[in-house]
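A.B. asks: I need the structure of the sequence given here:
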Amino acid sequence: MRFALSATTLLVGVLAFFLGLHTASADQNDARLGPLFERLKVVGNAADERLLGAAIWEIWMEVDDPDSARLLSTGTIAMGNRDWNAAQEAFDALVERSPEFAEGWNKRATLAWLVGDYDASVRDIQHTLQLERRHFGALSGLGMILTESGETEGAIKAFEAALVIDPLLPGVRENLKHLLARLGGEPL
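C.D. replies: Residues are numbered from 1 along each chain as shown. Prediction:
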């Protein structure tokens with residue numbers, strides 16, 4: 001795991017260097033994101049898609065405030081350890097401390113989904129998307145929730161929106177094909 005994080009960090013640095021972007025302000029407003037999203041739309045293979053996607057996630061996870069960074073890390077680790085209460089406490093504090101940080105809302109949405117609170121998850125996904133309209137992870141999560149809730153048409157729209165941003169997004173194309181087949185439509 002330590003190697004994967006280092007490789008991703010190296011990839012972000014290499015991509016930033018080649019894109020001519022040497023400065024950054026962390027979060028969804030980071031100047032490095034625009035060129036990465038443009039490349040993501042035209043990438044031709046899954047390996048390059050994974051690298052670009054990882055670089056985007058790495059930037060989304062950056063937050064300039066050290067206390068917010070600590071809360072993000074604490075909540076993410078707690079969520080990975082299935083310590084739902086500790087994760088909830090950390091993510092609640094994070095969105096209160098840094099309400100303009102999209103990934104804080106997305107992490108809390110993910111936690112709500114994991115514990116089965118779809119209403120809270122959708123609310124936080126909506127907030128995430130207000131802050132970062134290109135958040136393919138939030139759109140994919142929304143599609144999964146809507147699928148599980150039986151709202152097929154809404155799920156299709158969410159998955160299609162995610163694929164506009166990242167045409168090779170793993171799993172999303174398959175989910176969309178399944179839903180379209182259920183409705184008798186044609187997949188993308």
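A.B. asks: So, low pLDDT: which residues of the protein?
C.D. replies: 1-26, 185-188 (pLDDT under 70).
A.B. asks: if you set the cut-off to 90 instead, what comes out?
C.D. replies: Applying pLDDT under 90 to the chain picks out residues 1-31, 41, 43-46, 168-170, 182-188.
A.B. asks: check contacts around the most centrally placed residue in the chain.
C.D. replies: Centroid check for the chain by Cα atoms, centre = their mean gives Gly137 as the closest residue, at 3.2 Å. For Gly137, the contacting residues are 57, 106, by Cβ atoms under 8 Å, 6 or more residues apart in numbering. All C-beta spots, glycine's among them, are computed from the backbone N, C-alpha and C.
A.B. asks: In what element of secondary structure is it found?
C.D. replies: Using DSSP states H and E, Gly137 maps to helix 136-148.
A.B. asks: Pull out the buried residues from that helix.
C.D. replies: Under the neighbour-count criterion of 16 or more other Cβ atoms under 10 Å, helix 136-148 has 136-147 buried.
A.B. asks: where's Asp92, which helix or strand?
C.D. replies: helix 84-97.
A.B. asks: what do you get for Ala54?
C.D. replies: Using DSSP H and E, Ala54 falls in helix 46-60.
A.B. asks: packing partners for that helix?
C.D. replies: helix 2-19, helix 33-42, helix 102-114 (3 or more Cβ pairs under 8 Å, 6 or more residues apart in numbering; DSSP states H and E).
A.B. asks: Okay, angle between the helix holding Gly137 and helix 46-60 too, please.
C.D. replies: Orientation of helix 136-148 against helix 46-60 (axes from the mean of the first three to the mean of the last three Cα atoms, to 10 degrees) gives an angle of 100 degrees.
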